[in-house]
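Engineer: A structural model of the following input is requested.
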Amino acid sequence: MGFLKFSVLTVIGSAIWCPVLTVLGQKVGGQLDAQPIEALKNGKCFDLPIWSMRRSMK
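Structural biologist: Purely as a prediction, here's the structure:
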């Protein structure tokens, strides 16, 4: 694969995935509690309830 083709496909792929990841981040981020977010900002370990968020998104 040539450099030009690789570059064009990379830009197209990122143009598709950026909005998808933005929407996903908004949905997941809106369901986080303030306590885990503050712990992450302060560099402390904190378990995020990923599985409970996944169930509530369905």
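Engineer: Determine the longest helix present in this protein.
Structural biologist: Across the chain, the helix with the greatest residue count (assigned by DSSP state H) is helix 3-29.
Engineer: average pLDDT across that one?
Structural biologist: Mean per-residue pLDDT for helix 3-29: 93.
Engineer: Just name whatever secondary elements that helix is in contact with.
Structural biologist: Packing partners of helix 3-29 (3 or more CB pairs under 8 Å, 6 or more residues apart in numbering; DSSP states H and E): helix 50-57. In short, each C-beta sits where N, CA and C put it, glycine included.
Engineer: And the average pLDDT for the helix it packs on is what?
Structural biologist: The pLDDT scores in helix 50-57 average 55.
Engineer: Let's test this: mean pLDDT of the helix or strand containing Ala39, rounded?
Structural biologist: Using DSSP states H and E, Ala39 sits in helix 34-41. In this model, helix 34-41 has a mean pLDDT of 71.
Engineer: For Ile37, grab the count of nearby residues.
Structural biologist: By other CB atoms under 10 Å, 13 other residues sit near Ile37.
Engineer: What's the separation between it and Gly25?
Structural biologist: 13 Å (CB to CB, to the nearest Å).
Engineer: Only C-alpha atoms, please: export stretch 11-21 in PDB.
Structural biologist: Provided in PDB are the C-alpha atoms of stretch 11-21 (Å, rounded to 0.1, in the frame of the first residue of the first chain):
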ATOM      1  CA  VAL A  11      -8.000  10.200   7.700                       C
ATOM      2  CA  ILE A  12     -11.300   8.600   6.500                       C
ATOM      3  CA  GLY A  13     -11.100   6.000   9.300                       C
ATOM      4  CA  SER A  14     -10.500   8.600  12.000                       C
ATOM      5  CA  ALA A  15     -13.300  10.800  10.600                       C
ATOM      6  CA  ILE A  16     -15.600   7.800  11.100                       C
ATOM      7  CA  TRP A  17     -14.400   6.800  14.600                       C
ATOM      8  CA  CYS A  18     -14.100  10.200  16.200                       C
ATOM      9  CA  PRO A  19     -17.800  10.900  16.400                       C
ATOM     10  CA  VAL A  20     -18.500   7.400  17.500                       C
ATOM     11  CA  LEU A  21     -16.100   7.600  20.400                       C
END
